[in-house]
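Asker: Using only what follows, build the 3D model:
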Amino acid sequence: MSDRISREELVRIYNIEVTFFDSLEEAGLLKIETENETKYLQYDELSTFEKFTNWHYDLEVNLAGLEVISHLLNKIERLREESFIGR
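Answerer: Numbering: from 1, shown residues only. Next up, the predicted model:
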């Protein structure tokens, strides 16, 4: 069993635009693997992909907004880790 899913499968399953997926990749919001010209997302990145998809399609957050949210969440996580380590 593979530990990844192709871009085409994600587009079909989540009913999203290929351009949205590609935009997430270009913005560095998703870590994508390419093999034989097929793009794949690792299953451990799937929850991140689902968050971005929900925020974009359900809440109408644009790509710039997704980048800001991602940056802030990563910063919060780093601060939590630093705070935990400092104890």
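Asker: use CA for all of it now, contacts and neighbours both
Answerer: OK.
Asker: What residues sit buried inside the helix or strand residue 77 falls within?
Answerer: Secondary structure from DSSP states H and E places residue 77 in helix 63-85. Using 16 or more other C-alpha atoms under 10 Å as the test for burial, helix 63-85 gives 63, 66-67.
Asker: helices or strands up against that helix?
Answerer: Packing contacts for helix 63-85, counted by 3 or more C-alpha pairs under 8 Å, 6 or more residues apart in numbering; DSSP states H and E, involve helix 46-57.
Asker: Show me which residues of stretch 19-30 are buried.
Answerer: Using 16+ other C-alpha under 10 Å as the test for burial, stretch 19-30 gives 21, 24, 29-30.
Asker: Looking at the residues you listed, which two lie furthest apart in space?
Answerer: Farthest apart among those by C-alpha to C-alpha are 21 and 29. That separation is 9.8 Å.
Asker: what about stretch 13-24, how long is it end to end?
Answerer: One end of stretch 13-24 sits 17 Å from the other (C-alpha to C-alpha, to the nearest Å).
Asker: Could you list the low-pLDDT ranges of this structure?
Answerer: Within the chain, the stretches with pLDDT under 70 are 1, 86-87.
Asker: so who does the spatially most central residue of the chain touch?
Answerer: Residue closest to the average C-alpha location in the chain (C-alpha atoms, centre = their mean): residue 49, at 3.5 Å. For residue 49, the contact set (C-alpha atoms under 8 Å, 6 or more residues apart in numbering) comprises residue 30.
Asker: Check residue 7 too.
Answerer: With C-alpha under 8 Å, 6+ apart, residue 7 has these contacts: 18, 21, 38-41.
Asker: Can you name the residues in contact with the host helix or strand of residue 34?
Answerer: Take DSSP H and E as the rule and residue 34 turns out to sit in strand 32-35. The contact list for strand 32-35 (C-alpha under 8 Å, 6+ apart) reads 25, 39-42.
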